[in-house]
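*Asks:* need the 3D shape of this:
(4 chains)
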There are 2 protein chains.
Amino acid sequence: MTASETSARGRRGPYAKAAEKKQAIVEAAHSVFAARGYRGGSLQDVADVVGMSQTSLLHYFPAKSDLLLAVLEWRDQVSGDGRAPVDPGEGLIDAVLRQTLFNEKIPGVIELYTVLCAESLTQDHPGREFFVARFANLRRDYAEAFEGLAAEGRLRAGVDPRRAAASLIALWDGIQTQWLLEPESVDMAGSLRDYLELIVLPE
Amino acid sequence: MTASETSARGRRGPYAKAAEKKQAIVEAAHSVFAARGYRGGSLQDVADVVGMSQTSLLHYFPAKSDLLLAVLEWRDQVSGDGRAPVDPGEGLIDAVLRQTLFNEKIPGVIELYTVLCAESLTQDHPGREFFVARFANLRRDYAEAFEGLAAEGRLRAGVDPRRAAASLIALWDGIQTQWLLEPESVDMAGSLRDYLELIVLPE
DNA sequence: GTCTATACGCTGATAGAC
DNA sequence: GTCTATCAGCGTATAGAC
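*Replies:* Residues are numbered from 1 along each chain as shown, chains lettered A, B, ... in the order given. Okay, the predicted model is just below:
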């Protein structure tokens, strides 16, 4: 549900039903793309989950790539892209660990990002720009968080905030991949906590 | 070129030409799968690169999945799976950084692993077992390396060798993904060096 | 808005001539 | 070993009735 569809008139407007239908399609596509990837999941698969014909689906999203972008944007809007939204008064470490423990309960969401992110590296993939922008935003946000800690004297000497931001995101993504392949062999929260406690000094 | 094809008679045997052809196919498939993924790259694409018909290609590899496994195994045999083979007398950090700098010169190889690894998370992907085993082996090898350092008193107090092994691999994979999307914004060697120098104490 | 029908290309794979 | 011919199936997308 995008802002333009629910603005002004509110959720009771004449387009409410269309918006609901679009939302159902996006959620179905989310599960299909997570399980099979963008190239591996077909519009028919999505239509089957929603319970409508493949051509009706194209009435809402003229092309498959439009559906992919809708899925990616919806995911970011709903859950802050699965990364830690730092609550007021909460430390960075606590926020990251809280998000990690939450993520372990929704493997489908992690799988969607992991699969589509790597797939977006391939030729002519419609999600590439999205992931480039996503990483740039994440690096900027965490770099700012580390700079804030540095200002309080809580960043270990010699740690570069920007490189640490890229490293934290990389570690997070990489450990999720290993976890998806073999959950019992990987301690996601443990790896992230170890890293953060190495570079962030206690209050 | 597998051991069974070149054993006993050596590379001059009656199967030498077939082996060369298979090798050419594998290399072509490597570039196609790296650029388009396993599902996105077709046998026709591979055949075009080799310069033969798609059906002739199937004479050497009866199914597309066989070709994928051949690509993955060849890559591991040739380059030690792109990870640091520690030379005698060389430290772990030096080995990792040397491999990283080398990898920057062969982005196609990095792309192959990154794309296929995440794609292998999807349903019915023939590469899944390979990547599960690969990660298990890598975690074991690096855990042993860290245990060796710990025995020398060169592992920072409180660092768990097994978790550090998973973290190092995760950081490595994750930073490669960011680097493939936006090379100029990421310092792969810097991130890895920072991490290793945090947990490994100088000699 | 939803459907059926369909266009049209590409897919991996098989059969069989040479 | 390499090819042509061909298969059955699936892919996205379009046209148009209702």
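
*Asks:* for the closest residue to residue A:171 other than its chain neighbours, pull up the helix or strand it's in.
*Replies:* Nearest non-adjacent residue to residue A:171, counting by Cβ to Cβ, 6 or more residues apart in numbering or on different chains: residue B:171, 4.6 Å away. Yep, even glycine has a C-beta here, placed from its N, CA and C like the rest. For residue B:171, the host element (DSSP states H and E) is helix B:161-181.

*Asks:* tilt between that helix and helix A:161-181?
*Replies:* Put simply, helix B:161-181 runs at 110 degrees to helix A:161-181, going by axes from the mean of the first three to the mean of the last three Cα atoms, to 10 degrees.

*Asks:* neighbours around the residue nearest to residue A:171, how many?
*Replies:* Using other Cβ atoms under 10 Å in any protein chain shown, residue B:171 has 28 other residues around it.

*Asks:* correct me, but it touches residue B:192?
*Replies:* Yes. In terms of Cβ atoms under 8 Å, residue B:171 counts as a neighbour of residue B:192; the distance is 6.7 Å.

*Asks:* residue of chain A with the smallest distance to DNA strand D?
*Replies:* Using Cβ to the nearest atom of the strand, the closest approach of chain A to DNA strand D is made by residue A:42 at 3.2 Å.

*Asks:* and that residue, how far from residue B:136?
*Replies:* Separation of residue A:42 from residue B:136 (Cβ to Cβ, to the nearest Å) stands at 33 Å.

*Asks:* OK, contacts around the residue of chain A closest to DNA strand D?
*Replies:* By Cβ atoms under 8 Å, 6 or more residues apart in numbering or on different chains, the residues touching residue A:42 are residue A:32.

*Asks:* gap between it and residue A:128?
*Replies:* Noted for residue A:42: a distance of 21 Å to residue A:128, by Cβ to Cβ.

*Asks:* likewise for residue A:185?
*Replies:* Residue A:185 is 31 Å from residue A:128, by Cβ to Cβ.

*Asks:* which stretches of chain A have low pLDDT?
*Replies:* By pLDDT under 70, the low-scoring segments of chain A are A:1-14, A:80-82, A:84-88.

*Asks:* can you give me the helices in it?
*Replies:* Using DSSP state H, the helices found in chain A span residues A:3-6, A:16-40, A:43-50, A:54-60, A:64-79, A:92-103, A:107-119, A:128-151, A:161-181, A:188-199.

*Asks:* residues contacting the third one, please?
*Replies:* Contact with helix A:43-50 is made by A:24-25, A:28-29, A:31-32, A:36, A:53-54, A:56-58, A:64, A:67, as judged by Cβ under 8 Å, 6+ apart.

*Asks:* so which of these reach chain B?
*Replies:* Contacts with chain B within the contacts of helix A:43-50, as defined by Cβ under 8 Å from any Cβ of the partner chain: residue A:36.

*Asks:* and the contacts of helix A:43-50, which of them are buried?
*Replies:* A:25, A:28, A:29, A:31, A:32, A:36, A:57, A:64, A:67 (16 or more other Cβ atoms under 10 Å in any protein chain shown).

*Asks:* looking at the residues you listed, which is nearest chain B?
*Replies:* residue A:36 (5.1 Å; Cβ to the nearest Cβ).

*Asks:* skip the chain neighbours and tell me the closest residue to the closest one.
*Replies:* Spatial nearest neighbour of residue A:36, excluding adjacent residues (Cβ to Cβ, 6+ apart): residue B:122 at 5.1 Å.

*Asks:* with residue A:32 instead?
*Replies:* In space, and not counting its chain neighbours, residue A:32 is closest to residue A:41: 4.1 Å by Cβ to Cβ, 6+ apart.

*Asks:* need the contact list for the nearest residue to residue A:179 once chain neighbours are set aside.
*Replies:* Spatial nearest neighbour of residue A:179, chain neighbours left out: residue A:186 (4.4 Å); criterion: Cβ to Cβ, 6+ apart. Residues counted as contacts of residue A:186 (Cβ under 8 Å, 6+ apart) are A:175, A:178, A:179, B:166.

*Asks:* residues near residue A:59, how many?
*Replies:* The burial count for residue A:59: 12, using other Cβ under 10 Å.

*Asks:* revised request: answer the last question for residue A:113.
*Replies:* Neighbour number of residue A:113 under other Cβ under 10 Å is 22.

*Asks:* quickly note the distance from it to chain B.
*Replies:* Note on residue A:113: its distance to chain B, by Cβ to the nearest Cβ, to the nearest Å, is 10 Å.

*Asks:* likewise residue A:77?
*Replies:* Separation of residue A:77 from chain B (Cβ to the nearest Cβ) stands at 22 Å.

*Asks:* got the residues of chain A near DNA strand C?
*Replies:* Within chain A, the positions near DNA strand C by Cβ under 7 Å from any atom of the strand are A:15, A:17, A:18, A:21, A:52, A:53, A:55, A:56, A:59, A:60.
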